[in-house]
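**Q** A predicted structure for the sequence below; I have some questions about it.
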Amino acid sequence: MVDKRCTLQEAIAEYVQDDLSVAIEGFTAFICFAAGHEIIRQRHRNLTLIRMTPDVIYDQMVAAGVARKLVFSYLGNPGVGPLHCLRRAIEKGQPTPLEIEEYSHYGMVARYQAGASHLPFFPLRSYLGSDLPQINERIKIIESPYGDGKVAVVPPLNPDVAIVHAQRADKQGNTHIWGLLGVQKEVAFAARKVIVVVEEIVDESVIRADPNRTLIPGLVVDAVVQVPYGAHPSYVQGYYDRDNAFYLRWDALSRDPEQVQAWLDEWVYGLPDHAAYVQKLGAETLARIKPGPAPAAGVEYGAYQ
């Protein structure tokens with residue numbers, strides 16, 4: 001079995017290159033801020049950033065000048081308001097111009113599914129009556145081959161690199177995820193290269209003991225990285241809760257480009273890695289986001305006789 005373990009710095013340096021397309025997925029949960037910060041720290045440029053619901057991490061990456069294009073469905077600071085850095089980039093070209101390609105949530109899911117299944121397109125009816133096809137020429141309206149009217153289609157989405165966060169994996173990359181799954185599985189199968197970042201790397205026996213939680217098999221994983229609290233300020237079920245206070249603070253400071261740069265200097269450029277970031281968060285923050293107990297019932301899978 002191939003041991004795919006490496007550091008986050010090594011994984012980003014190996015697989016994320018300038019001019020590529022990168023998807024850091026996670027629907028509210030499992031958003032790998034650690035990877036986004038490492039991409040900023042390594043000063044990559046001209047990336048196409050792909051994501052359902054661009055979160056604060058893409059606001060930070062755009063502010064750092066990482067991106068040239070955003071492929072997305074809905075953007076905002078979840079539960080708070082707009083993403084001010086993204087808005088400045090789109091409306092004013094600051095710090096650099098940002099091209100956008102917008103879909104609905106289901107449109108992005110459909111694109112990932114087409115990419116994962118090696119399909120030429122994916123049909124969906126929800127764009128009929130929508131204005132999105134008028135502003136996105138990649139959404140096409142065609143006649144159904146079965147004679148039941150018009151249907152919209154979207155093209156496959158195959159990111160050059162997908163970065164997926166999860167609870168745990170073994171050294172081969174077989175990955176357990178539970179909770180709000182989003183499109184973690186779909187993007188892993190759709191991408192050309194896959195980096196899995198986990199809270200802990202466990203023995204293969206732990207993964208094999210609970211096979212129904214193995215959402216991503218090691219055969220599609222190129223690198224597996226252990227980064228505790230790697231999704232902060234988003235959350236990982238069973239490990240830590242969402243840091244709502246962080247999202248509120250970001251809304252206030254991100255209105256001012258100088259404050260954004262000061263935050264990046266202090267929390268990203270000024271730190272060697274995510275371990276230093278977690279240390280800087282401090283024990284009080286980690287205690288505040290510690291989840292309460294909610295154990296699941298055990299399952300007896302049974303052994304072959």
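**A** In hand now; what should we look at?
**Q** In contact with residue 123: list those residues for me.
**A** Residues near residue 123 by C-beta atoms under 8 Å, 6 or more residues apart in numbering: 110, 144, 151, 152, 153. Quick note: C-beta positions are derived from backbone N, CA and C, even for glycine.
**Q** got those residues as CSV, with neighbour count and distance to residue 47 columns?
**A** Compiled in CSV, the contacts of residue 123 are given as follows (neighbours: other C-beta atoms under 10 Å; distance: C-beta to C-beta, whole Å):
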residue, neighbour count, distance to residue 47
110, 26, 23
144, 11, 37
151, 17, 32
152, 22, 28
153, 18, 27
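**Q** Give me the subset of the residues you listed that lies in strands.
**A** Counting by DSSP state E, the part of the contacts of residue 123 found in strands is 151, 152, 153.
**Q** I'd assumed residue 139 was in contact with the first one.
**A** Yep, that's residue 151 we're talking about. No. Using C-beta atoms under 8 Å, residue 151 is not in contact with residue 139; the gap is 11.2 Å.
**Q** Counting residues, which helix of this structure comes out longest?
**A** Longest helix in the chain by number of residues (criterion: DSSP state H): helix 274-288.
**Q** So which residues make contact with that one?
**A** With C-beta under 8 Å, 6+ apart as the test, helix 274-288 has contacts from 8, 34, 37-38, 227-230, 232, 240, 243, 245, 267, 271.
**Q** Restrict the residues you listed to the buried ones and give me that as a PyMOL selection.
**A** Buried residues within these, as defined by 16 or more other C-beta atoms under 10 Å, are selected in PyMOL through the command that follows:
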select buried, resi 8+34+37+38+227+228+229+230+232+240+243+271
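**Q** Among the contacts of helix 274-288, which pair sits farthest apart?
**A** Spatially, the most separated pair among the contacts of helix 274-288 is 8 and 245, at 24.9 Å (C-beta to C-beta).
**Q** now residue 87, what's its secondary structure?
**A** Classification of residue 87 using DSSP: H, G, I helix; E, B strand; the rest coil returns helix.
**Q** ok, it to residue 75 distance?
**A** The span separating residue 87 from residue 75 equals 9 Å under the rule C-beta to C-beta, to the nearest Å.
**Q** rewinding a little: can you list the buried residues in the longest helix of the chain?
**A** Of all the residues in helix 274-288, those buried under the rule 16+ other C-beta under 10 Å are 274, 277, 278, 281, 285, 286.
**Q** For the residues you listed, give me TSV that also has pLDDT.
**A** Shown next, in TSV, are the buried residues of helix 274-288 (pLDDT from 0 to 100):
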residue	pLDDT
274	98
277	98
278	98
281	98
285	98
286	98
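**Q** Could you pull out the strands in the stretch 101-250 of the chain for me?
**A** With DSSP state E, counting those that start in this stretch applied, the stretch 101-250 of the chain shows strands at 122-124, 140-143, 150-154, 161-169, 175-176, 193-201, 214-216, 223-226, listed in chain order.
**Q** Pick the most buried one from those.
**A** Comparing the strands of the stretch 101-250 of the chain by mean neighbour count (mean count of other C-beta atoms under 10 Å), strand 161-169 ranks first with a mean of 28.
**Q** Buried residues, the helix or strand of the chain with the lowest mean pLDDT. List them.
**A** Counting by mean pLDDT, DSSP states H and E, the weakest-scoring helix or strand in the chain turns out to be helix 132-135, with a mean of 93. By neighbour count, and taking 16+ other C-beta under 10 Å as the criterion, the buried residues in helix 132-135 are residue 133.
**Q** Would you check that residue 178 makes contact with residue 237?
**A** Yes. Under the criterion of C-beta under 8 Å, residue 178 makes contact with residue 237 at 6.3 Å.
**Q** That concludes my questions; thank you for your assistance.
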